[in-house]
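> after the sequence you'll find the predicted model.
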Amino acid sequence: MKALRAEWCSLGVILPALRTGLKALLMLLASAGMVLAKKEEGPKPVPWSFVPLKRVALPKVKDTAWPKTRIDYFILAKMEAAGMQPAARAEERVLQRRLAFDLTGLPKASAQFSVLSAQSGSSLSTEHSALSTSAAWSQAVDETLRSPHYGERWARHWLDLARYTDITPDWLDSTKFSYLYRDWVVQALNEDMPYDRFVVRQLATDFLPECGPQDRVALGFIGLSPTYFKELQLPPEIIKTTVADEWEEHVDAIGRTFLGLTLACARCHDHKSDPITAQDYYALAGVFASVKQSEMPTMSDALWRPVAKARAEVAALEKQIKELPKKKPKDLKEQTAAMQAKIDAIKNGTPHYNMLMANAVEEAALFVVKKEKEHGTKLDYKMGMARDLELMKRGNPNDLGESVPRRFLSAFPSKTGLPRKFNTGSGRLELAQAIVEDAAPLTARVMVNRVWKHHFGRGLVDTPSEFGNLGEAPTHPDLLDDLAGRFMEHGWSLKWLHREILNSATWQQSSVAAESEKLDPENKLYARMLRRRLDWEAWRDAILTATGQIDLKMGGQASSISAPKNFRRSLYGASDRQDMDPMLRIHDVPDPGAHNPWRTETITPLQGLFALNSPFMQQQADVFGKWAMQHRVEEVYARLFGRQPSAHEAGVAKAFILGREQDAAAWSQYAQALLAGNEMLFVD
């Protein structure tokens, strides 16, 4: 292990230098390209997403009986113009399953353990017919939105954007309290915190007078940002590049998450396709050059000060214990025991010693400087200060131009007609306010589109984090603007947006529509619903629900997703930036070190082998098989899928089990086939 760690440390020295050399080469090539292209550059076209919202009257449609919400008029008008018709309304059982997975990531509660009567299964059909009315369906939507599991499901979508992680490489500060940010996101979504406030809280909670120390956990969006290894024995010229890379990551995450813009493209030169300048980039990067990622207390300063003093004393004693064997004292055990007793006394005698800490940020200007009396580099934080960055020519932090004051993007002027200036500390508060005020139309469009994409499988703009000229144009621009405008008018309420979508006839369509698939295979006109594969978390949670083993306890520290006794929801499986769990990696769970606007879907042999041979699947199959052995095939299908088996399905099951009715292994094999089957893995 020591040899491996030494090798890793050597790589930690070499890799930054290689990366810096590569960057320098790329900068030279970019520079040459810029010189050649300079004469051809002209004004950048303004992207459609930068203009104010356009509100239009509802379009005329022929089939006036079909629309249920405003959404449907916009969708149907384009369908009719293309000579297409909407698909039929899906079966109630299908809609209920779709609704449950969309909003909670879990199977429908009432179908989990329902038992069909021997005659006809009328218990389900009665419920289905009762939900066919609009009022009953709206009530079902509202009830599902009130589930605490709604926040867990939609927090997962947000955490993919926020680069959330539970574990970081061991050279970084602890992230053992990172779960507090995850739990805050869950709570904020369950409480339907207005989205504009949701944004401000994650960037500048510590500037809001109504928020206290306990609210610092919301700053995890920045506080848990990826941090790169810095070998401080190297000269400042190299470390400056690594630090500039971190600032670039922060600007990129802010731009893509909240604005749907690739702002980091302007680090080396003006954006090639959008009206974003290099000055814009460094005006924002200065914000992140003025903060320090830190663990911050979640209690008042009066309670924290004695804890900070006690922890410093404990750290000093622990260091002495670690170094004591090198001195080889004769009474090593006695000295060690005495120091450990002192540590225990400090911990037990200090109130709130184990207080929770937030992965947050402090106001501090960072300067990368040379050490005074030795080789190497020092990261010099000026606490409580902010700084403006100089423009880095071609992105090179060792070739500086003029200083760029911190401000918002020039393409989004404030009420004064000029970009909003950042004067309060680092500028995080003004940045957040500018995102939800000066750029409000774009911010609303981006979030509305994200929610739409998660409900339909494709977005009105199918590049959800690229709303610039390089992204796809919206298929229904008037609908997107109508929804974005009403989203803001309804207090930026995400639950309102869900209701508007889920109550629409568009969302309630069947996924079975042969003519639509032929005429519009990509479903850009939404003349049907897409059959979609569950993401890994929902599939695993559905399996645990079916076996009755799922632990629905909410919140708290994460644990290994591969642990045999881990039956918690997959949201609480530990993510690790340095060593991702293989179970997550093979099922397309994204890298927690990067912004991920969608899940990549692959079909690989490893996934098939997992379904066949993994300890998790075999364990769940054994449990479900024992239950199935005591029940009829009809009850098995009711529990898994909320329906009766077809005659063919029932016949196959009985033929497989025939003569082995009391063979637990046979029932386990049968259960595994169902748990790994497409009906468990897909939603119609």
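Cool, got the structure. Residues are numbered from 1 along each chain as shown.
> pass me the low-pLDDT residue ranges in this structure, would you?
Along the chain, segments meeting pLDDT under 70 span 1-42, 109-132, 171, 173-174.
> state which strand of it is the longest.
Once the chain is assigned using DSSP state E, the strand that runs over the most residues is strand 357-370.
> just the buried residues of that one, please?
For strand 357-370, a neighbour-count test (16 or more other Cβ atoms under 10 Å) marks 357, 358, 359, 360, 361, 362, 363, 364, 365, 366, 368 as buried. All C-beta spots, glycine's among them, are computed from the backbone N, C-alpha and C.
> please apply the same query to stretch 370-381.
So for stretch 370-381, counting by 16+ other Cβ under 10 Å, buried means 377, 381.
> okay, how far is it across it, tip to tip?
In stretch 370-381, first residue to last residue: 13 Å (Cα to Cα, to the nearest Å).
> please compute how far it lies from its chain's middle.
With Cα atoms, centre = their mean, to the nearest Å as the basis, stretch 370-381 stands 37 Å off its chain's centre.
> now swap in stretch 86-98 and tell me
On Cα atoms, centre = their mean, the centre of stretch 86-98 falls 28 Å from that of its chain.
> in that stretch, what's buried?
86, 87, 90, 92, 93, 94, 95, 96, 97, 98.
> now stretch 633-649
Neighbour-count burial for stretch 633-649, counted by 16+ other Cβ under 10 Å, picks out 633-645.
> want to try CSV for these, with secondary structure and distance to residue 154 as columns?
Compiled in CSV, the buried residues of stretch 633-649 are given as follows (DSSP: H, G, I helix; E, B strand; the rest coil; distance: Cβ to Cβ, whole Å):
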residue, secondary structure, distance to residue 154
633, helix, 36
634, helix, 34
635, helix, 32
636, helix, 31
637, helix, 30
638, helix, 28
639, helix, 26
640, helix, 25
641, helix, 24
642, coil, 23
643, coil, 27
644, coil, 32
645, coil, 33
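> now these as a markdown table including distance to residue 138?
Converted to a markdown table, the buried residues of stretch 633-649 look like this (distance: Cβ to Cβ, whole Å):
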| residue | distance to residue 138 |
| --- | --- |
| 633 | 35 |
| 634 | 31 |
| 635 | 31 |
| 636 | 32 |
| 637 | 29 |
| 638 | 26 |
| 639 | 28 |
| 640 | 28 |
| 641 | 25 |
| 642 | 21 |
| 643 | 24 |
| 644 | 28 |
| 645 | 32 |
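> among those residues, which two are most distant?
Put simply, by Cβ to Cβ the two of the buried residues of stretch 633-649 set farthest apart are 633 and 642, 14.6 Å from each other.
> contacting residues for the closest residue to residue 271 other than its chain neighbours?
Spatial nearest neighbour of residue 271, excluding adjacent residues (Cβ to Cβ, 6 or more residues apart in numbering): residue 265 at 5.0 Å. The contact partners of residue 265, taken as Cβ atoms under 8 Å, 6 or more residues apart in numbering, are 271, 272, 274, 276.
> what's the farthest-apart pair in these?
Farthest-apart pair in the contacts of residue 265 is 272 and 276; separation 9.7 Å (Cβ to Cβ).
> those two - which one has more neighbours?
Neighbours were counted for residue 272 and for residue 276 using other Cβ atoms under 10 Å; residue 276 has more, 25 against 15.
> please parse this protein into its domains.
For the chain, automatic domain parsing gives the domain ranges 162-297+359-441, 299-355, 536-683.
> what's the most buried one of those?
domain 162-297+359-441 (a mean of 20; mean count of other Cβ atoms under 10 Å).
> endpoints of it, how far apart?
21 Å.
> could you do stretch 468-485 as well?
20 Å.
> from the chain's centre, how far out does it sit?
Distance, centroid of stretch 468-485 to centroid of chain: 22 Å (Cα atoms, centre = their mean).
> buried ones in it?
Buried residues in stretch 468-485, counted by 16+ other Cβ under 10 Å: 468-469, 471, 474-485.
> contacts for that stretch?
44-45, 47-49, 53-56, 59, 70-71, 74-75, 78, 260-262, 271, 273-274, 441, 444-445, 448-449, 452, 460-463, 466, 497, 500, 524-525.
> quick one on the thing from earlier: just put the contacts of residue 265 in a markdown table and tack on secondary structure.
Shown next, in a markdown table, are the contacts of residue 265 (DSSP: H, G, I helix; E, B strand; the rest coil):
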| residue | secondary structure |
| --- | --- |
| 271 | coil |
| 272 | coil |
| 274 | coil |
| 276 | coil |
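> quick one: the helices in the stretch 151-300 of the chain, in order.
Under the criterion DSSP state H, counting those that start in this stretch, the stretch 151-300 of the chain contains helices at 179-190, 195-204, 220-223, 236-254, 278-288.
> ok, back up a step: ok, so of the buried residues of strand 357-370, who is nearest residue 625?
The closest of these, once distances to residue 625 are taken by Cβ to Cβ, is residue 359, at 42.8 Å.
> in CSV, list the C-alpha atoms belonging to the helix or strand harbouring residue 73.
Here residue 73 sits within helix 70-81, counting by DSSP states H and E. Output in CSV follows, covering the C-alpha atoms of helix 70-81 (Å, rounded to 0.1, in the frame of the first residue of the first chain):
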residue,chain,number,x,y,z
ARG,A,70,-52.5,25.1,-22.5
ILE,A,71,-49.6,22.8,-23.3
ASP,A,72,-51.9,20.6,-25.5
TYR,A,73,-52.9,23.4,-27.8
PHE,A,74,-49.3,24.1,-28.8
ILE,A,75,-48.5,20.4,-29.2
LEU,A,76,-51.7,19.6,-31.1
ALA,A,77,-51.3,22.5,-33.5
LYS,A,78,-47.9,21.2,-34.7
MET,A,79,-49.2,17.7,-34.9
GLU,A,80,-52.2,18.7,-37.1
ALA,A,81,-50.0,20.8,-39.3
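> and it, what does it pack against?
When contacts are defined as 3 or more Cβ pairs under 8 Å, 6 or more residues apart in numbering; DSSP states H and E, helix 70-81 sits against helix 477-489, helix 494-502.
> who does the shortest one touch, helix- and strand-wise?
Helix 494-502 sits against helix 70-81, helix 92-104, helix 134-145, helix 440-456, helix 477-489, with contacts defined as 3+ Cβ pairs under 8 Å, 6+ apart.
> can you name the element that comes right after it?
Following helix 494-502 in sequence, per DSSP H and E, is helix 514-519.
> for the helices and strands packed on helix 494-502, give me TSV that also has distance to residue 236.
Compiled in TSV, those are given as follows (distance: least, Cβ to Cβ, whole Å):
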stretch	distance to residue 236
helix 70-81	56
helix 92-104	51
helix 134-145	53
helix 440-456	37
helix 477-489	46
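> noted, bye for now.
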